[in-house]
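Novice: Quick check, what structure comes out for this input:
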Amino acid sequence: MSSNWKSIALTVVLAGLASAGGAWLGAGWMMQRHETPGLHEIVHQKLDLTVEQDIRLDEIEARFAVRREALEADVRAANRELAQAIAASQGDSPEVRAAVDHFHDAMGALQKATIAHVFEMRAVLTPEQARVFDREIAGALTQEPR
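Specialist: Numbers count the residues shown, from 1 in each chain. Okay, the predicted model is just below:
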């Protein structure tokens, strides 16, 4: 193989590994932040909830916990699939690209479900509670990593 082709092949392999590494690191970060930091505390400690609101929110949180676990399991499966594709690949193969797509789809589904969960919780709140909730959620989402 000529040196040009070796350089191209090495570049493709390194790009694939960098892409997979970034996806893996992103997954780890998202899994640690799968839920808005302090969401439970925002709702149950910073808002003056009625007993009825508290009960409804507990039901919403319990349903979401089951859904979130299933979505996180899909993210973990996509990570394993990506790791296996990288290990079996000689570069940016169709299998690696498919595994990356699966990972992105799984992470996107988790993110969309989490946002839907936040809005479902918000719907239980009074307008004043919703303003506090929105402010707290926005603050949590824009915090810099510690």
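Novice: Can you get me a residue count around Ala78?
Specialist: The tally of other residues near Ala78 (other C-beta atoms under 10 Å) stands at 21. (C-beta placed from N, C-alpha, C; glycine too.)
Novice: Give me the mean pLDDT for stretch 93-109.
Specialist: For stretch 93-109, the per-residue pLDDT values average out at 92.
Novice: from the chain's centre, how far out does that stretch sit?
Specialist: Offset of stretch 93-109 from its chain centre (C-alpha atoms, centre = their mean, to the nearest Å): 14 Å.
Novice: Buried ones in it, by neighbour count?
Specialist: Of the residues in stretch 93-109, those buried by neighbour count under the rule 16 or more other C-beta atoms under 10 Å are Val96, Ala99, Val100, His102, Phe103, Ala106, Met107.
Novice: For Leu82, give its distance to Val118.
Specialist: When C-beta to C-beta, to the nearest Å is the yardstick, Leu82 and Val118 sit 28 Å from each other.
Novice: and those two? which has more neighbours close in?
Specialist: For Leu82 versus Val118, neighbours defined as other C-beta under 10 Å are more numerous around Leu82 (23 against 18).
Novice: The more buried one against Val100, yeah?
Specialist: Yes. Under the contact definition of C-beta atoms under 8 Å, Leu82 touches Val100, with a separation of 6.4 Å.
Novice: in this protein, which helix has the most residues?
Specialist: Longest helix in the chain by number of residues (criterion: DSSP state H): helix 51-88.
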